[in-house]
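In: kindly return the folded structure for what I paste below:
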Amino acid sequence: MKESVTYQAILQEGREEGREEGREEGRAESRQILLALGTVRFGKPSPKIRRAVARIADPETRIRLAVRILSARNWAELLGEME
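Out: Have a look, this model is predicted:
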């Protein structure tokens with residue numbers, strides 16, 4: 001049974017779905033971290049800021065923003081180039 005084409009296709013599909021779920025969890029966690037760090041530094045984000053962070057798809061952009069939190073003075077300055 002394990003050698004069957006159908007069985008192997010089901011396994012592959014499951015692996016791909018698992019990888020995508022893991023990627024989505026990682027994206028969500030990195031957004032949460034960005035919001036948490038920003039909240040400590042700048043205060044509670046407005047709904048507009050939360051939406052802006054939620055739209056950030058590129059993981060490299062989220063990393064750059066997390067680093068920029070150290071030097072930015074507020075949410076607007078942090079996200080300014082994105083708006």
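In: thought Thr39 was touching Pro45?
Out: Yes - using CB atoms under 8 Å, Thr39 is in contact with Pro45, at 6.4 Å. All C-beta spots, glycine's among them, are computed from the backbone N, C-alpha and C.
In: now the helices for the chain?
Out: For the chain, helices defined by DSSP state H occupy the ranges 5-42, 47-54, 59-68, 75-79.
In: next one: the residue nearest the centre of the chain relative to Asp58, how far apart?
Out: Among the residues of the chain, the one closest to the centroid is Arg27, at 2.6 Å (CA atoms, centre = their mean). Between Arg27 and Asp58 the computed distance is 10 Å (CB to CB, to the nearest Å).
In: of Thr39 and Pro45, which one has the most company?
Out: Set side by side, Thr39 and Pro45 show more neighbours around Pro45, with 19 against 13, by other CB atoms under 10 Å.
In: touching, the more buried one and Leu34? I think so.
Out: No - Pro45 lies out of contact with Leu34 (CB under 8 Å); the separation is 9.6 Å.
In: tell me, what's touching the two both at once?
Out: Counting by CB atoms under 8 Å, 6 or more residues apart in numbering, the contacts common to Pro45 and Leu34 are Val53.
In: which stretches of the chain have low pLDDT?
Out: 1-2, 11, 19, 22-23, 26, 81-83 (pLDDT under 70).
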